[in-house]
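Trainee: Pasting a predicted model and its sequence here:
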Amino acid sequence: MSVHKVVIFQQVPLFAGLAPWEIESLAARAMEKRYPAGQVLFREGEPCSGLFLIAQGSVKIYKTPGTGREIMLAIEAAPSSVAEVPPFDGEPYPATVNAVDAGAQTRDPAPGSRGSSARGGHRAVTGRRDLPLPAPTPARDAR
């Protein structure tokens, strides 16, 4: 497992409360994918394949209602995560996310959830619903 993956997970606020072994477990399953500027990571309404971690750069989150007009919801910059809820509620992605700047990177913590590519500049981490979550630890549950 790459030490770089562990460092990325440690920097993302979503994982701040996890024990080191839990982060290492997630990072070991992470799959990296790069996205060039403008490439879509996932589209509104697509079935969820997992969540994404922004390791470098930024992504744009937006919706396109029936009018076809784009409504921007947010810009997320590294280190952060997007699509955190759909892996748990079973719903499709609620918005479209695409890479904003060349060199942005996201990571994928679920092998097989998205294809991998060595080209481009964005990488993502997707955690699939069917992957088991780490068991609770007393230190984390005491908060």
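Mentor: Nice, I can see it.
Trainee: any idea which element residue 75 lies in?
Mentor: Assigned by DSSP states H and E, residue 75 belongs to strand 71-77.
Trainee: Buried residues of that strand, list them for me.
Mentor: In terms of neighbour count (16 or more other Cβ atoms under 10 Å), strand 71-77 has its buried residues at residue 76. In short, each C-beta sits where N, CA and C put it, glycine included.
Trainee: Can you tell me the strand partners of it and which way each runs?
Mentor: strand 58-63 (antiparallel) (DSSP bridges).
Trainee: which residues touch the partner strand?
Mentor: Strand 58-63 has contacts (Cβ atoms under 8 Å, 6 or more residues apart in numbering) with 41, 44, 52, 70-78, 82, 94-101, 104, 106, 122.
Trainee: Try it again at 6 Å.
Mentor: 44, 70-77, 95-101, 104 (Cβ atoms under 6 Å, 6 or more residues apart in numbering).
Trainee: ok, which stretches of this protein are strands?
Mentor: 31-34, 40-42, 52-56, 58-63, 71-77, 80-82, 96-99, 105-108 (DSSP state E).
Trainee: mean pLDDT lowest for which of these?
Mentor: The weakest mean pLDDT among those belongs to strand 105-108, with a mean of 54.
Trainee: these two touch, right, residue 12 and residue 55?
Mentor: No - applying Cβ atoms under 6 Å as the test, residue 12 and residue 55 come out as separate, 8.5 Å apart.
Trainee: Counting neighbours, go ahead and name the busier of the two.
Mentor: residue 55 (26 against 19; other Cβ atoms under 10 Å).
Trainee: Roughly how far does that one sit from residue 65?
Mentor: Distance of residue 55 to residue 65, computed by Cβ to Cβ, to the nearest Å: 30 Å.
Trainee: Also residue 98?
Mentor: Distance from residue 98 to residue 65, by Cβ to Cβ: 17 Å.
Trainee: So for those two, which sits in the more crowded spot?
Mentor: When neighbours are counted by other Cβ under 10 Å, residue 98 and residue 65 differ, and residue 98 comes out ahead with 17 against 9.
Trainee: check contacts around that one.
Mentor: 40, 60.
Trainee: Residues in a beta bridge with it, which ones?
Mentor: residue 40, residue 60.
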